[in-house]
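J.: here are the coordinates; sequence isn't available:
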Ligand SMILES: O=C(CO)[C@@H](O)[C@H](O)[C@H](O)[C@H](O)COP(=O)(O)O
Ligand SMILES: [Zn+2]
């Protein structure tokens, strides 16, 4: 195997994934900026969750809301539901792993809050149950998925936003997800502070 050309193919495949995603997702991503901004402007908050690499993405995104993205601004309210090991072990142990996010959405969610639900397959049961709990709490959902969106496609409502990356490999989907989340942060900052750096 020529390892250098193998590595080069990763760059080229990632570029292709971003290009095809930009064609399909720029418009719903723009709607997602409006949804998150509208929630925060009305004293709402953002809850985010995912498993594995998507857990890292969820907490990365929330850190940029509560802390900052590129520019100084007021702190914005959000909680990553995959970060508290006491909650995750207690709820997982007592109610099952599929309940770890649902229980927190039910505990923390208020009408007008937004759930950012991240699953590359769209089939993780704990993320699906978080979405159902968000609907029960009258929260809108922004779902970041791939692989056609899986079961999440079937449970989203008209008021939700589906950012489904048109790719089948988990890693490529995750690479696009982080671009979507950074773009979301940048869009929020542009609405708050103006669009010039
Ligand atoms: O980061 C990776 C693979 O790139 C893994 O940790 C991956 O996130 C895990 O296998 C997750 O459990 C996959 O869940 P999902 O994206 O299908 O909801
Ligand atoms: Zn990964």
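T.: Ah, there it is. A quick note: this is a predicted structure, and the numbers were derived from the prediction, not measured. Ligands and ions are numbered 1, 2, ... in the order given.

J.: Near ligand 2, which residues of the protein are found?
T.: With the criterion set to Cβ under 5 Å from the ion, the chain comes near ligand 2 through 53, 174. All C-beta spots, glycine's among them, are computed from the backbone N, C-alpha and C.

J.: What segments of the chain are strands?
T.: Ranges of strands within the chain are 46-49, 78-80, 114-118, 140-146, 161-165, based on DSSP state E.

J.: Format those as CSV; extra columns: mean pLDDT.
T.: Shown next, in CSV, are these (pLDDT from 0 to 100):
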stretch, mean pLDDT
strand 46-49, 99
strand 78-80, 98
strand 114-118, 99
strand 140-146, 99
strand 161-165, 98
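
J.: now these as CSV including mean neighbour count?
T.: Converted to CSV, these look like this (neighbours: other Cβ atoms under 10 Å):
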stretch, mean neighbour count
strand 46-49, 28
strand 78-80, 23
strand 114-118, 28
strand 140-146, 26
strand 161-165, 23
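
J.: Can you redo the ones you listed as a markdown table, where the extra columns are distance to residue 7?
T.: Shown next, in a markdown table, are the strands of the chain (distance: least, Cβ to Cβ, whole Å):
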| stretch | distance to residue 7 |
| --- | --- |
| strand 46-49 | 31 |
| strand 78-80 | 31 |
| strand 114-118 | 27 |
| strand 140-146 | 22 |
| strand 161-165 | 22 |
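
J.: Could I get those strands in a markdown table, plus columns for distance to ligand 1?
T.: Shown next, in a markdown table, are the strands of the chain (distance: least, Cβ to the nearest ligand atom, whole Å):
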| stretch | distance to ligand 1 |
| --- | --- |
| strand 46-49 | 10 |
| strand 78-80 | 15 |
| strand 114-118 | 7 |
| strand 140-146 | 8 |
| strand 161-165 | 11 |
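
J.: So what pairs up with residue 144 in the strands?
T.: Note on residue 144: beta-bridge partners residue 118, residue 163, judged by DSSP bridges.

J.: Who are the contact partners of it?
T.: 50, 54, 57, 116, 117, 118, 119, 163, 165, 177, 180, 181 (Cβ atoms under 8 Å, 6 or more residues apart in numbering).

J.: The fourth one: what's its closest spatial neighbour, skipping adjacent residues?
T.: Of all residues beyond its chain neighbours, the one nearest residue 116 is residue 48 (4.1 Å), with distances taken as Cβ to Cβ, 6 or more residues apart in numbering.

J.: Thanks again, I'm all set now.
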